[in-house]
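Chemist: Here is a sequence with its predicted model. Questions after.
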Amino acid sequence: MMTNPIKDATADLVVALTELGKRVAKHVDGLTQDLVRDAGRVARSSQAFGRAARDQWDDVAERSKTAWARTRGAAGGAPRAARVVTAGLGVVAHARVLRMRGLAAGRERLTDDDHRALAARVRELCVDLRGGVLKLGQIVSSRPDLVGAAWAGELSSLQDRVPPVETAAIVARIEEELGKTVLDAFATFDGEPVAAASLAQVHRATLSDGTVVAVKVQIPGIDEVIASDIAALRILAGVLGDVLPMDLRTIADELERALVTELDYRAEALAGTAFAAEAAGTGLYAPRVIEACSTARVLTTEFVDGARLTDALDAAAPAERARIVTALCDGLARQVFRTGHIHADPHPGNFLVAPDGRIAVLDFGCTLRLLPEEKRGYARLLAALAMRDETSALAELAALGFGGEPSALATIAHAITQAMKPGELASEIDWERQGRELVATMMRVARDAGITIPPSFVLLGRVLGTMAGLVATYKPPIQLHAVIAPHLAVALRPQGPQQ
């Protein structure tokens, strides 16, 4: 049986860098205490760190060097993971300096300004490193309910405003994939991208019949970059826990699972076509895929000339704003309880409000498919929560795959039911307070009791959190239960079509 030299080398590297990361974290604590006593040494911290690494960790450094040599020999790549780990440790050092300064000033916790400074540094690193790191930043930016307004605000520019890759590299990728020149494939091709993201960028073009299209092109070499980034994020999960307000290890797992599909544009094309059929007649739609100009790494669809979701909401009158949010909530409820096919990358850059008022849903690289029993399970859970039936809610949580101590699950069920207020207008709910208290309770209980979360809820929770963030921000005067109820009734039906 043949072995995979890249996988073997990466495994050795993960072991070596994990040990290095643990020792770095311990050293940084001591280093930052020295910095508090002598502020003048802040400028020399990186040199001191390097000398300590050479003096104390020669054995680990040698193992890392050997592992990287094997990786480069097998794949011809640069030490990407080392760059990511080094950048992450720099953020840790920065956070601990800020924390020690706060302690010296009598503050036990980081201030909002401290968090903004850290988030700004992470934003710059995301743009510089791109790849999986940038994708992680985009995920964080869409979850203000979990990471706070300071982090989400600083990272929001990562959603679809990323420095583009050079046009020559993009054109070469298109021609390699389509087997023809760009001007043979398209009547016109705009070299200036209309959007650039972590894994791809989009260019406007026209077909020979005059149809305006969007050409989504995967950044060359991004698959190798992603593999290195996932390994680095797992290494950093332990030492970054005190800096980033999230479970980085869980997010790394989610990222790896989601990106396997997201890097395959054939799968994305199929998912987009299926979504278009399922959303027919609703306020949402997906652009038509142009199969003749699409491959595993190039995806061409009809161009949507619309306004970015948050820009449209900011500019809309109250009634129009309520209509848009209602359409999004209705669409999500339909996906969860009727079709079971959920668009699971819900950052605002993936929604455009078209001139006719419909909402175009873009980017189907990350979708979630619920089994029929999962749809019914989530429907029964929501019904139990709406009726504040904690016993039934606990049973449904267990049936869906939430594992752990029954008493801990009961605490989570109680926290969720207390946050549910049937019949209340969305504009009158204190979403920030309720969300903060709910998330804090769930995270504390899950951590202390070792609660396990089913894979379906990792992505679904991200979608629900993003939608809750929109409702919390724009506070439309709508009753969410009235929007959800018709779809819930269909899912709870013993028999019958799920349409």
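Modeler: Good, I have the coordinates. Numbering: from 1, shown residues only.
Chemist: CA only for contacts and neighbour counts going forward, please
Modeler: OK.
Chemist: so Lys375 sits right up against Gly340, yeah?
Modeler: Yes. Using Cα atoms under 8 Å, Lys375 is in contact with Gly340, at 6.5 Å.
Chemist: My guess is Arg266 contacts Thr300. True?
Modeler: No. Using Cα under 8 Å, Arg266 is not in contact with Thr300, being 10.8 Å away.
Chemist: the more surrounded of the two?
Modeler: Neighbour totals were compared for Arg266 and Thr300, and Thr300 leads with 25 against 19 (other Cα atoms under 10 Å).
Chemist: now that one, what's its secondary structure?
Modeler: With DSSP: H, G, I helix; E, B strand; the rest coil as the basis, Thr300 sits in strand.
Chemist: tell me the phi and psi of Cys329?
Modeler: phi -60, psi -40 (degrees, to the nearest 10).
Chemist: what about it, how many neighbours?
Modeler: When counting by other Cα under 10 Å, one arrives at 19 neighbours for Cys329.
Chemist: My guess is it contacts Val483. True?
Modeler: Yes. Counting by Cα under 8 Å, Cys329 sits close enough to Val483 to count as a contact (7.2 Å).
Chemist: if we can go back for a sec, which residues are in contact with each of Arg266 and Thr300?
Modeler: Ser294 (Cα atoms under 8 Å, 6 or more residues apart in numbering).
Chemist: could you say which helix or strand contains Thr310?
Modeler: Under the criterion of DSSP states H and E, Thr310 resides in helix 309-315.
Chemist: same for that helix, what does it pack against?
Modeler: strand 351-353 (3 or more Cα pairs under 8 Å, 6 or more residues apart in numbering; DSSP states H and E).
Chemist: The strand it packs on: what's the following helix or strand?
Modeler: Next along from strand 351-353, by DSSP H and E: strand 359-361.
Chemist: who touches the following helix or strand past that following strand?
Modeler: Note on strand 359-361: by DSSP H and E, the next helix or strand toward the C-terminus is strand 367-369. Residues outside strand 367-369 that contact it (Cα under 8 Å, 6+ apart): Ala271, Gly340, His341, Ile342, His343, Ala344, Asp345, Ser456, Leu459, Leu460.
Chemist: Gly377 is in contact with the second one, correct?
Modeler: The reference is to Gly340. No. Look at Gly340 against Gly377 with Cα under 8 Å: they stay out of range, at 11.7 Å.
Chemist: need the contact list for Lys216.
Modeler: Counting by Cα under 8 Å, 6+ apart, the residues that Lys216 touches are Ala200, Gln201, Val202, His203, Val298, Leu299, Thr300.
Chemist: If we ignore the residues flanking it in sequence, what's nearest the fourth one?
Modeler: Pointing back at His203 there. Pro193 (4.5 Å; Cα to Cα, 6 or more residues apart in numbering).
Chemist: what's the answer for the third one, then?
Modeler: For Val202, the nearest residue in space outside its immediate sequence neighbours is Lys216; the separation is 4.3 Å by Cα to Cα, 6+ apart.
Chemist: if I've got this straight, that neighbour is in a strand?
Modeler: Yes. Counting by three-state DSSP, Lys216 is part of a strand.
Chemist: in the sheet, who's paired with it?
Modeler: Under DSSP bridges, the beta-bridge partners of Lys216 are Val202, Leu299.
Chemist: Relative to Val97, how far out is it?
Modeler: Noted for Lys216: a distance of 42 Å to Val97, by Cα to Cα, to the nearest Å.
Chemist: ok, now Ala472?
Modeler: Taken as Cα to Cα, the span from Ala472 to Val97 is 34 Å.
Chemist: cool, Ala399 as well?
Modeler: 45 Å.
Chemist: more neighbours, these two?
Modeler: Val97 (22 against 15).
Chemist: hang on, the more buried one in a helix?
Modeler: Yes. Counting by three-state DSSP, Val97 is located in a helix.
Chemist: quick one, what contacts the residue nearest the centre of the chain?
Modeler: Residue closest to the average C-alpha location in the chain (Cα atoms, centre = their mean): Ile139, at 2.3 Å. Contacts for Ile139 (Cα under 8 Å, 6+ apart) come out as His347.
Chemist: Which of the helices or strands spans it?
Modeler: Using DSSP H and E, Ile139 falls in helix 131-141.
Chemist: can you tell me the average pLDDT over that helix?
Modeler: Averaged across helix 131-141, pLDDT comes to 78.
Chemist: residue ranges with poor pLDDT in the stretch 301-450 of the chain?
Modeler: 415-450 (pLDDT under 70).
Chemist: Which residue, other than its chain neighbours, is closest to Val84?
Modeler: That would be Ala232: by Cα to Cα, 6+ apart, it lies 6.2 Å from Val84.
Chemist: Does anything pack onto the strand or helix carrying that neighbour? Which helices or strands?
Modeler: Here Ala232, judged by DSSP H and E, is contained in helix 222-236. If you count contacts as 3+ Cα pairs under 8 Å, 6+ apart, helix 222-236 packs onto helix 5-37, helix 80-104, helix 131-141, helix 248-262.
Chemist: per-residue pLDDT, Gln159?
Modeler: 64.
Chemist: Quickly note the distance from Arg297 to Gln335.
Modeler: 27 Å.
Chemist: Verify the contact between Ala333 and Pro486 for me.
Modeler: No. Contact between Ala333 and Pro486 fails when scored by Cα under 8 Å: they sit 9.1 Å apart.
Chemist: that older thread, now do the residue nearest to the centre of the chain against Arg462, distance only.
Modeler: 8 Å.
Chemist: can you count the residues close to Thr181?
Modeler: 14.
Chemist: can you pull the contacts of it?
Modeler: Ile174, Glu175.
Chemist: that older thread, which of the helices and strands packed on helix 222-236 comes out lowest on mean pLDDT?
Modeler: helix 5-37 (a mean of 52).
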